[in-house]
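# structure of the sequence below:
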Amino acid sequence: MDWTQIIVVALTVLFGSGGVVVTVIQNGKAHDKKHDKTDGELEKLLDEIKQLKEGQAAITEELRVNSYATKKQIKYTLTRLHQESMGRKYTTQYELECAEDLYTEYKRLGGNSFIDKVMGNLRGLPIRFAEQEEQQ
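Down below sits the predicted model:
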């Protein structure tokens with residue numbers, strides 16, 4: 001093999017491998033661009049998740065406050081009905097039905113046992129029906 005052939009082979013290998021290197025570098029840049037796009041999309045999704053969690057926390061707090069207020073309103077209503085009924089020494093069927101419904105909701109909301117005694121007293125009172133109310 002003479003020097004001309006050796007130089008041609010060497011140049012061919014050199015330029016051929018240079019093409020491979022250029023191809024690898026170009027593929028690497030395309031790969032990086034793809035990852036950059038994916039990273040950007042992932043960041044957007046994480047931001048959306050963070051916003052959803054913040055929104056959920058706000059809604060949860062609002063529900064907690066509303067539940068607390070509802071529980072207090074039910075407690076007040078049942079206590080007021082209890083006082084009126086105890087003063088009259090009877091309750092009506094309608095009042096007792098409404099009280100039972102409110103009591104169920106009060107307990108569902110995590111109400112304490114204070115209302116248990118109130119309901120026990122209401123349940124123990126004589127019940128007057130609408131007809132009896134009209135006669136008095």
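
# next up, identify which helix or strand the closest residue to Phe114 other than its chain neighbours is on.
Nearest non-adjacent residue to Phe114, counting by CB to CB, 6 or more residues apart in numbering: Lys75, 7.1 Å away. C-beta coordinates here come from the backbone N, C-alpha and C atoms, glycine included. Assigned by DSSP states H and E, Lys75 belongs to helix 3-88.

# so, low pLDDT: which residues of this structure?
Low-confidence segments of the chain, defined by pLDDT under 70: 1, 3, 5-34, 130-136.

# which residue lies nearest the spatial centre of it?
Gln56 (4.6 Å; CA atoms, centre = their mean).

# now do the same contact list for it.
By CB atoms under 8 Å, 6 or more residues apart in numbering, no residues touch Gln56.

# please report how far it lies from Glu43.
Distance, Gln56 to Glu43, by CB to CB, to the nearest Å: 20 Å.

# go on, Glu97?
From Glu97 over to Glu43 (counting by CB to CB), the distance is 57 Å.

# cool, and Val118?
From Val118 over to Glu43 (counting by CB to CB), the distance is 56 Å.

# higher neighbour count, those two?
Val118 (20 against 10; other CB atoms under 10 Å).

# for the more buried one, give me its contacts.
By CB under 8 Å, 6+ apart, the neighbours of Val118 are 78-79, 82.

# change it to 6 Å
78, 82 (CB atoms under 6 Å, 6 or more residues apart in numbering).

# and for Leu81?
Ala99.

# 7 Å instead, please
By CB atoms under 7 Å, 6 or more residues apart in numbering, the contact list for Leu81 reads 95, 99.
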